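**Student:** Using only what follows, build the 3D model:
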Amino acid sequence: MKVTAQGLLFDMDGILISSLGSVERSWAKWAERSGLDVAETIQAAHGRRALETLRELMPAGDHQADLRLIEELEINDTEGLAVLPGVRRILESTPQRFWTIVTSATARLARARLACAGIPAPDRFVAADAVANGKPHPEPYLMGAALLGLPPASCIVVEDSRSGAIAGRCAGCRVLATTFSHTVEQLEDADWIVESLDRVQVKTREDHGIELEFEPLPRAAASGTLRR
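**Tutor:** This is a model prediction of the structure:
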């Protein structure tokens, strides 16, 4: 399948970088300190801002203090952090004017992870502290399209989570999802699903757009398991 677009909006964790270990260990430490179930806490944290997770799990807590604590834990835990397959090839061959990052991490955490992974941060990207509403609200991806100076309909969101896929679709973008963290069934809001970006080819077109080529997974498949 070949699809064209004017811009790409990449999620970060689970799309560009694998940070599963850092996230799980950091949220586990916070859950233990807070007297919460570790497994349920890790599950709740996936694919959205830490602030929304904190508000859900500890409605009466000091959210800003907890947010700073979790941010520090994640920044300091870089064990196992790695660039995912296909990412370097795509980013190195795609001019930066065609893409940006839309992440649920704070700007400080995002820059730290990108630096650790050796991925240059775009001049402008959307982080958790730049929006009033995190994913699955469409605001992050609407802002991402605006940063590229493009209408959302001309952008393709690249996501690995259900909340991110919902955010992209509600923003009016098309959504390409990977099964890094969710099953095909859980990614029903995506337009197309692939196993990873290693299966995606990206080319710059003569009309100054971009073309993606990939073979989407059938919707009946059950690839991937929920890991974060």
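**Student:** C-alpha coordinates for the worst-scoring helix or strand of the chain on mean pLDDT, CSV please?
**Tutor:** One helix or strand of the chain scores below all others by mean pLDDT, DSSP states H and E: helix 38-45, with a mean of 91. The C-alpha coordinates for helix 38-45 follow below in CSV (Å, rounded to 0.1, in the frame of the first residue of the first chain):
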residue,chain,number,x,y,z
VAL,A,38,2.0,-1.6,40.8
ALA,A,39,0.5,-3.5,37.8
GLU,A,40,-2.6,-1.4,37.6
THR,A,41,-0.5,1.8,37.9
ILE,A,42,1.7,0.8,35.0
GLN,A,43,-1.3,-0.2,32.9
ALA,A,44,-2.9,3.2,33.6
ALA,A,45,0.2,5.1,32.6
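**Student:** In terms of secondary structure, what does that helix contact?
**Tutor:** Packing partners of helix 38-45 (3 or more Cβ pairs under 8 Å, 6 or more residues apart in numbering; DSSP states H and E): helix 20-34, helix 50-57. The C-beta positions use only the backbone N, C-alpha and C, and glycine is treated the same way.
**Student:** quick one: contacts of that helix?
**Tutor:** Helix 38-45 is contacted from outside by 23-24, 27-28, 30-32, 53, 56-57, 226, 228, using Cβ atoms under 8 Å, 6 or more residues apart in numbering.
**Student:** Nearest to Asp77, out of the residues you listed: which one, please.
**Tutor:** Using Cβ to Cβ, Val23 comes nearest to Asp77 of those, at 8.7 Å.
**Student:** Contact partners for that closest one?
**Tutor:** 13, 42, 45-46, 74, 228.
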